[in-house]
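[1] the following comprises the amino acid sequence and a computationally predicted model.
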Amino acid sequence: MQISEVIVAPCHDYSPGHVQVAVERILLSVPGFLEGLAGKRSVFLKPNLLMPRQPDDCVTTHPQLVAAVGRALGERGFEVRIGDTPGGPLTRPLLERLYARTEMDRAAAECGGGLCFDVDGETVLPSEPTAGRRLTIWRPVLQADALVNLCKLKTHGLTGLTGAVKNLFGCIPGMLKTEYHMNQPTVETFSEVLVDLARFLMPRLTIMDAVRAMEGAGPSHGRPRHVGLLLASADPFALDYAAARMLGVGPDGFTTLAAALRRGYGPQSDSELQVRTVTPEGASLFRGNAAVEELHRLAPPSFEVLEPENLTGLHGRGWVRRTLRAIRPLLRARPLVNVSVCNRCSACVRHCPAKAITMTANGPSFDLTACIRCFCCQELCPRGAIRIHRPWGSRLIYGPRRRG
């Protein structure tokens with residue numbers, strides 16, 4: 001049995017002093033992290049920069065966390081680079097706007113790091129026989145000696161939650177993301193690609209920004225929620241497992257975690273999970289059920305998570321199968337637009353991988369027969385005018401989601 005360790009550091013707010021102290025505790029506590037950087041020169045910090053939004057919106061990784069990690073590594077002699085590729089076209093002017101709006105320019109200045117404006121990618125073939133898919137990776141990520149993944153704890157309309165593994169999708173440059181959605185139109189196969197990507201990149205360290213997380217209609221239009229924690233691990237799959245257990249979400253409610261577990265990555269049960277809390281008073285170690293109990297103790301009460309788009313439960317034989325297949329379209333989640341909020345900017349049209357949206361005088365119109373339910377429209381709408389509607393009847397088929 002292989003034990004996967006997750007570090008949990010309390011961090012009440014984003015004041016520079018609090019974040020820096022918590023980050024230092026993490027760097028000194030993650031087994032083998034600093035030793036593993038011996039001989040490395042450059043480190044790439046990959047925050048979650050989904051779209052140009054201000055830090056207080058909780059859509060993106062907070063700049064104080066990025067600055068603190070960059071400062072800690074810079075003081076140890078590493079060249080630090082910072083960057084991400086959001087959804088949509090990838091150009092230098094758009095990256096400049098992204099970094100300014102998310103205050104990554106300030107974070108880079110504070111830690112002495114450099115921002116990445118490269119717009120090119122390189123195609124690689126993962127060596128794992130189980131992967132078998134070529135991946136196109138943003139060039140600055142491949143050029144770095146080590147990758148540090150700085151994700152954000154948020155709900156997600158497609159995968160249920162976003163975390164360590166999902167954040168690495170930003171290493172796919174620009175509009176190529178839409179091709180991955182189109183080539184893998186179900187959440188199950190899309191999640192498999194995300195696992196392939198995480199296995200290929202395997203960041204040296206992942207730190208999850210859960211000081212303020214997002215609940216409800218994530219990943220871009222949910223509600224900020226104070227959690228007061230930084231979680232970290234050298235294993236991104238273990239970190240996602242711990243986050244799910246903390247919020248009481250089973251693998252069926254976190255599709256990237258379910259895909260990882262199917263392939264044997266990360267803790268396969270609570271008995272393989274180890275949680276180390278690091279506080280000013282010292283460190284405490286918890287294993288198995290005790291680790292889960294500690295996570296539940298630290299969890300915010302009544303955190304609102306999302307049902308992922310998942311219709312694999314529709315199965316049966318004979319007339320049952322025919323009936324379920326007939327009602328399947330009625331049970332699928334679908335985007336709905338609030339016309340009083342929509343300003344018809346056409347961002348949803350531009351970002352739709354399936355080209356299933358047209359703009360009319362009354363707002364966007366959705367071709368639900370072409371829609372692949374990736375929900376990029378909801379995710380990337382700058383005004384939050386689109387929400388995901390999940391029919392009540394679908395819960396009669398699936399029943400309640402298993403809680404952790």
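    Structure received.
[2] and the strands in the stretch 301-404 of the chain?
    334-337, 357-360, 363-366, 386-389 (DSSP state E, counting those that start in this stretch).
[3] for Asp209, which of those strands is the nearest?
    Among those, strand 386-389 comes nearest to Asp209, with 23.7 Å by Cβ to Cβ. Every residue, glycine included, has its C-beta placed from N, CA and C.
[4] send the alpha carbons of the closest one over as PDB?
    Once non-C-alpha atoms are left out, strand 386-389 reads as follows in PDB (Å, rounded to 0.1, in the frame of the first residue of the first chain):
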ATOM      1  CA  ILE A 386     -25.700  31.900 -18.800                       C
ATOM      2  CA  ARG A 387     -26.600  29.300 -16.200                       C
ATOM      3  CA  ILE A 388     -26.700  25.500 -16.400                       C
ATOM      4  CA  HIS A 389     -30.200  24.000 -16.000                       C
END
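[5] hang on, the earlier thing: compare the strands of the stretch 301-404 of the chain and report which one is nearest to Pro52.
    Checking these against Pro52 by Cβ to Cβ gives strand 386-389 as the closest, at 17.7 Å.
[6] that closest one pairs with which strands?
    strand 334-337 (antiparallel) (DSSP bridges).
[7] which residues touch the partner strand?
    Contact partners of strand 334-337, identified using Cβ atoms under 8 Å, 6 or more residues apart in numbering, comprise 363-364, 366, 368, 371, 373, 375, 377-378, 385-389.
[8] same thing but 6 Å
    For strand 334-337, contacts defined as Cβ atoms under 6 Å, 6 or more residues apart in numbering pick out Gly363, Pro364, Phe366, Leu368, Cys377, Gln378, Ala385, Ile386, Arg387, His389.
[9] and these, which are buried?
    Buried residues within the contacts of strand 334-337, counting neighbours by 16 or more other Cβ atoms under 10 Å: Gly363, Pro364, Phe366, Cys377, Gln378, Ala385, Ile386, Arg387.
[10] distance to Ala107 and pLDDT for the residues you listed - can I get that in CSV?
    Listed next are those as CSV, based on distance: Cβ to Cβ, whole Å; pLDDT from 0 to 100:
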residue, distance to Ala107, pLDDT
Gly363, 36, 91
Pro364, 35, 93
Phe366, 37, 91
Cys377, 29, 89
Gln378, 28, 87
Ala385, 30, 91
Ile386, 30, 91
Arg387, 31, 87
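[11] closest one of the residues you listed to Ile7?
    Nearest member of those to Ile7, counting by Cβ to Cβ, is Gln378, at 32.8 Å.
[12] the closest one touches Gly384, doesn't it?
    No: between Gln378 and Gly384 no contact is recorded; they are 8.4 Å apart, counting by Cβ atoms under 6 Å.
[13] what about Thr81, distance to Arg139?
    Residue 81: Arg, not Thr. Separation of Arg81 from Arg139 (Cβ to Cβ, to the nearest Å): 11 Å.
[14] ok, the two, which is more surrounded?
    A direct count of neighbours by other Cβ atoms under 10 Å for Arg81 and Arg139 places Arg81 higher, at 21 against 15.
[15] so that one touches Lys46, yeah?
    No: using Cβ under 6 Å as the test, Arg81 is too far from Lys46 to be in contact (9.6 Å).
[16] ok, the residue lying closest to Pro236 once chain neighbours are set aside - contacts?
    Of all residues not flanking Pro236 in the chain, Ala164 sits nearest, at 3.6 Å (Cβ to Cβ, 6 or more residues apart in numbering). Residues in contact with Ala164 (Cβ under 6 Å, 6+ apart) are Cys151, Thr206, Pro236, Leu239, Asp240.
[17] repeat that with 10 Å
    Counting by Cβ atoms under 10 Å, 6 or more residues apart in numbering, Ala164 makes contact with 149-151, 153, 198, 203, 206-208, 231-233, 235-243, 256-257, 260, 266.
[18] counting only strands, which of those make the cut?
    Of the contacts of Ala164, the ones assigned to strands by DSSP state E are Asn149, Leu150, Cys151, Leu153, Thr206, Ile207, Met208, Leu231, Ala232, Ser233.
[19] can you list the residues you listed in CSV and add neighbour count, pLDDT and distance to Val249?
    Below are those laid out as CSV (neighbours: other Cβ atoms under 10 Å; pLDDT from 0 to 100; distance: Cβ to Cβ, whole Å):
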residue, neighbour count, pLDDT, distance to Val249
Asn149, 30, 98, 20
Leu150, 29, 98, 21
Cys151, 28, 98, 16
Leu153, 29, 98, 11
Thr206, 30, 98, 18
Ile207, 30, 98, 20
Met208, 30, 98, 14
Leu231, 28, 98, 14
Ala232, 31, 98, 19
Ser233, 31, 98, 17
